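**Q** Fold the following and give me the result.
(one chain, ligands or ions: 1)
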Amino acid sequence: MFHRTLRFLRIGLALAGLSLIGAANAATDAPLLIVTLHTVLTEIAREVGGDAVTVVPLLRPGVDPHVFEPAPADIRRVREADLVLAAGLGMETYLPRLRRDLPADRVLEVGNRIPDPVQVCTADHGHEGHGHAHDHDHGEDDPHWWVAVDPLLAAIDIVTTELAARRPAAASAIHARAAAYRGRIAALKPWAQAEIARIPANQRLLVTSHDAFRYLAREYGLEVQPLLGLSTADETSARRLAATIELIRQRGLRTVFAEASANDRTLAAIVRETGAKPGRPLCADGLGGQPGTDTIEGMIRHNILAIAEGLR
Ligand SMILES: [Zn+2]
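**A** Residues are numbered from 1 along each chain as shown. All right, here's what the predicted structure looks like:
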């Protein structure tokens, strides 16, 4: 009697197991539902995922991600998603709250997996210079990885691996799309290097509104002198303003750069004080806000050309 019950139980479990496998197979044929928290990740997910994914962006091009807050409808979309792609490295200040009710594997903070993130010195101890190396440990990770080609390629690889693992039946198509897309983005680097090389060495200095261009500066050998910190919500200090004006005069810098999404009143003051001209506004925080910048390729080309034309 006992043995027979056990046998039925085993058969029952085996059948339950089979039907679970069946359900899982059906689910893996459906497109992976991805919610993106950054405009650059919207493009990467669509380019790499193709018809294996459905991408729901929470941020439209041109929206400032530093001050974005998800509405109740956004939070519902996040709950329904199979995967949420975030820029990471602290960019989404609301993310710790959002993650609280979600399974740990629901959210991928892409920036957190990019090798060798730029560290920014946040302690003010008298060397707030421009773009010097920080190898001491009071730094903060710079979340603006999308402004340069190498970290973008790393992000493409990270998203590709994740999507292929979650939709193994579509993995070869995902890898093929990623390879073609990767090639297009990688081709921007030698072009950008040639453009930057035409700027005289002592003019390779980016005076910008907030601190968003360190990955670009590292990739192309530029110095940065931002007026604000890592967020567009920061404020500048009188000391920083004075140091920036001094630096512009010393170098005879002709151009300073506003940003597509930031408030640039301080920059306007610098223009009045120094005679440097405002360049074309740069895209600091993702896609959009300037003509032709709704794609990653367009954004990189826009930024590099604005810098190269402004400083040479
Ligand atoms: Zn920013």
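**Q** for the ion, what are the nearby residues on the chain?
**A** Ala212, Ala284, Asp285 (Cβ under 5 Å from the ion). (Each C-beta comes from the backbone N, C-alpha and C, glycine too.)
**Q** In helices only, show me those.
**A** The helices, defined by DSSP state H, take in nothing from these.
**Q** so which of the residues you listed is the most crowded?
**A** Greatest neighbour count in the residues of the chain next to the ion, by other Cβ atoms under 10 Å, goes to Asp285: 32 neighbours.
**Q** residues contacting that residue?
**A** Asp285 makes contact with Asp64, Pro65, His66, His144, Ala212, Thr232, Glu259, Ala260, Ser261 under the criterion Cβ atoms under 8 Å, 6 or more residues apart in numbering.
**Q** pLDDT at Leu253, what is it?
**A** pLDDT recorded at Leu253 is 97.
**Q** Next one: it from the ion, what distance?
**A** 22 Å (Cβ to the ion, to the nearest Å).
**Q** Name the residues of the helix or strand harbouring Glu195 that are buried.
**A** In this assignment (DSSP states H and E), Glu195 forms part of helix 188-197. By neighbour count on 16 or more other Cβ atoms under 10 Å, the buried set for helix 188-197 is Leu188, Lys189, Ala192, Glu195, Ile196.
**Q** Tell me the confidence at the second one?
**A** This means Lys189. On pLDDT, Lys189 comes in at 98.
**Q** for the fourth one, same thing?
**A** At Glu195, the model reports a pLDDT of 98.
**Q** check contacts around it.
**A** Contacts of Glu195 by Cβ under 8 Å, 6+ apart are Ile304, Leu305, Ile307, Ala308.
**Q** Likewise for the third one?
**A** With contact set as Cβ under 8 Å, 6+ apart, Ala192 has these partners: Val149, Glu219, Tyr220, Ile300, Ile304.
**Q** quick revisit: which of the buried residues of helix 188-197 sit farthest apart?
**A** Greatest spacing in these, by Cβ to Cβ: Leu188 and Ile196 (12.0 Å).
**Q** Common neighbours of the two, please.
**A** Common contacts of Leu188 and Ile196, defined by Cβ under 8 Å, 6+ apart, comprise Ile304.
**Q** Much appreciated, bye for now.
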